[in-house]
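*Asks:* build me a model from this:
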Amino acid sequence: MKVLIGKILLLILVLVITTAASANPNSEVVWNVITDKKLIAITFDDGPNPIYTPQILDLLKAHQAKATFFVLGKRVQMYPALAIREVNEGHEIANHTFDHHYLKNVPPEKLIEEIRQTQDIIFDVTEQMPHVFRPPGGFYNDALLQLTGEDKLTVVMWSWYQDTKDWKRPGVDKIVSTVLSNVHNGDIILFHDLQGDCSQTVEALRQILPELGRQGYQFVTVTDLIARTKK
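*Replies:* Residues are numbered from 1 along each chain as shown. Down below sits the predicted model:
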């Protein structure tokens with residue numbers, strides 16, 4: 001009975017969040033989307049990483065999966081070939097500021113400067129202009145949303161139950177369990193290809209991608225997922 005009640009409460013929370021997700025992405029923050037199709041968006045923050053991003057890209061290619069990479073401007077400058085590869089292989093490249101400053105530590109005006117700087121860097125390197133932004137640490141306020149809205153950037157977070165916390169290196173089994181135990185249509189899953197050791201993320205993806213594929217899920221970019229939002 002307790003298990004059943006827990007599942008019901010989880011379903012209610014999922015419905016509340018998905019209902020709040022934006023069908024007009026330029027005006028609201030998107031956490032996940034409502035869709036009757038088995039679509040999922042896999043996202044990676046803080047890259048590129050010269051060792052692990054190529055391994056992630058190889059796995060995505062092997063499973064015909066598309067992803068969204070929320071890159072840092074400074075790391076695109078350091079590893080431009082990886083940003084170009086992400087774009088060339090059909091993935092979405094998105095903005096995660098230049099230097100990963102949290103909004104709680106800097107004013108919105110400072111952050112929007114970094115966002116615009118990163119927009120220019122990404123365009124110079126890849127000839128692609130991102131339309132999606134994720135604030136570092138998930139911190140945002142009305143002032144930042146107004147500024148990003150003026151720049152026509154969609155602010156995208158992640159499904160609250162799909163934060164793998166892989167940056168903490170919790171173990172491959174824990175990462176896999178987080179993703180597979182509560183997967184839903186329209187999920188936005190949070191991974192990282194940050195500076196440092198991302199080997200657990202790579203190993204977890206070796207299990208997650210084929211298993212979700214067997215369950216019939218298709219991996220799409222965030223922008224594609226939003227475009228297919230059930231009205």
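
*Asks:* can you tell me the centre-most residue of this structure?
*Replies:* Centroid-nearest residue in the chain, with CA atoms, centre = their mean: residue 43, separated by 2.9 Å.

*Asks:* show me the contacts for residue 133.
*Replies:* Taking CB atoms under 8 Å, 6 or more residues apart in numbering as the criterion, residue 133 is in contact with 70, 94-96, 115, 148, 153-156. Backbone N, C-alpha and C define where each C-beta goes, glycine included.

*Asks:* got these as a markdown table, with neighbour count, distance to residue 55 and pLDDT columns?
*Replies:* Listed next are these as a markdown table, based on neighbours: other CB atoms under 10 Å; distance: CB to CB, whole Å; pLDDT from 0 to 100:
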| residue | neighbour count | distance to residue 55 | pLDDT |
| --- | --- | --- | --- |
| 70 | 27 | 18 | 98 |
| 94 | 26 | 20 | 98 |
| 95 | 28 | 23 | 98 |
| 96 | 27 | 20 | 98 |
| 115 | 23 | 28 | 97 |
| 148 | 23 | 31 | 96 |
| 153 | 23 | 29 | 97 |
| 154 | 23 | 28 | 95 |
| 155 | 22 | 29 | 97 |
| 156 | 28 | 24 | 98 |
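
*Asks:* coming back round to it: name the SS class of the residue nearest to the centre of the chain, please.
*Replies:* Of the three states, residue 43 takes strand according to DSSP: H, G, I helix; E, B strand; the rest coil.

*Asks:* and the nearest residue to it once chain neighbours are set aside, how many neighbours does it have?
*Replies:* With sequence-adjacent residues excluded and distances taken as CB to CB, 6 or more residues apart in numbering, residue 43 is closest to residue 68, at 4.7 Å. By other CB atoms under 10 Å, 26 other residues sit near residue 68.

*Asks:* since that was my last question, I'll sign off now.
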